[in-house]
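Engineer: Provided below for reference: sequence and predicted model.
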Amino acid sequence: MDNSSADAVPESPPAGFPRIVAHLIYDDVDAAIDWLTEVFGFRERIAARHTEEDGRTGRAQIEVADSLITIGRPSVHGDSPSRGVSSMLYVYIDDVKRHWQDAAGSGATIIVEPHTHAGDRRYQVADPEGHQWTFAQHQRHGGVLRRSSLPVDDRLAARSSTEDARVCPPARPPAGHQPH
């Protein structure tokens, strides 16, 4: 009897999964799936959907090009983002201008307008439950990032308001967002 297959160490991560899988909490997973697939053009792995006894989706897998995001309802693993932004995702895409136009045209809440920073053309958007998404298209090597010896507050005070507007367009909070 050959026990080699029983003793084999499974591949990690398993086939079809990236090394890092982000998990986002949504109060309404079904609405999140609809919104993420319609507005951002993501794809759901339908076969991986977990349906609860009440008929609502409890957990799902969303494909983003060669990456994967899992989404689920509030549980012991995390609370709802409606009580505060719990995460932000940085997603590289092939055509940031078209993506921004599609998202804005779909009524998405644009937090930061498209701009270039550190070699990436990017914009930031909030989904209906307040998760922050930055979509970026790498355009060039941004050079070496250097740390300043000044404390953060001193660095911010030293920047002019014109420089701030050029580097990062003004942010708009998502509709209904309440500061803590």
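Structural biologist: Nice, thanks for sending it over.
Engineer: what residue ranges in the chain score low on pLDDT?
Structural biologist: Low-confidence segments of the chain (pLDDT under 70): 1-12, 76-77, 84-86, 141-180.
Engineer: Tell me where it has helices.
Structural biologist: 4-7, 29-39, 96-105, 152-158, 161-167 (DSSP state H).
Engineer: so what secondary structure elements neighbour the second one?
Structural biologist: The contact analysis (3 or more CB pairs under 8 Å, 6 or more residues apart in numbering; DSSP states H and E) places helix 29-39 against strand 43-44, strand 57-64, strand 67-72. From N, CA and C alone the C-beta is placed, and that goes for glycine too.
Engineer: Give me the contact list for it.
Structural biologist: Applying CB atoms under 8 Å, 6 or more residues apart in numbering, the external contacts of helix 29-39 come out as 24, 26, 42-44, 56-60, 62, 71-73, 102-103, 106, 108, 127-129.
Engineer: CA atoms only: put it into PDB for me.
Structural biologist: In PDB, the C-alpha atoms belonging to helix 29-39 read as follows (Å, rounded to 0.1, in the frame of the first residue of the first chain):
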ATOM      1  CA  VAL A  29     -23.700  40.400   1.100                       C
ATOM      2  CA  ASP A  30     -26.100  39.900  -1.800                       C
ATOM      3  CA  ALA A  31     -26.300  43.700  -2.400                       C
ATOM      4  CA  ALA A  32     -22.500  43.900  -2.200                       C
ATOM      5  CA  ILE A  33     -22.100  41.100  -4.800                       C
ATOM      6  CA  ASP A  34     -24.400  43.000  -7.100                       C
ATOM      7  CA  TRP A  35     -22.700  46.300  -6.600                       C
ATOM      8  CA  LEU A  36     -19.100  45.000  -6.800                       C
ATOM      9  CA  THR A  37     -19.800  43.000 -10.000                       C
ATOM     10  CA  GLU A  38     -21.900  45.800 -11.700                       C
ATOM     11  CA  VAL A  39     -19.900  48.900 -10.800                       C
END
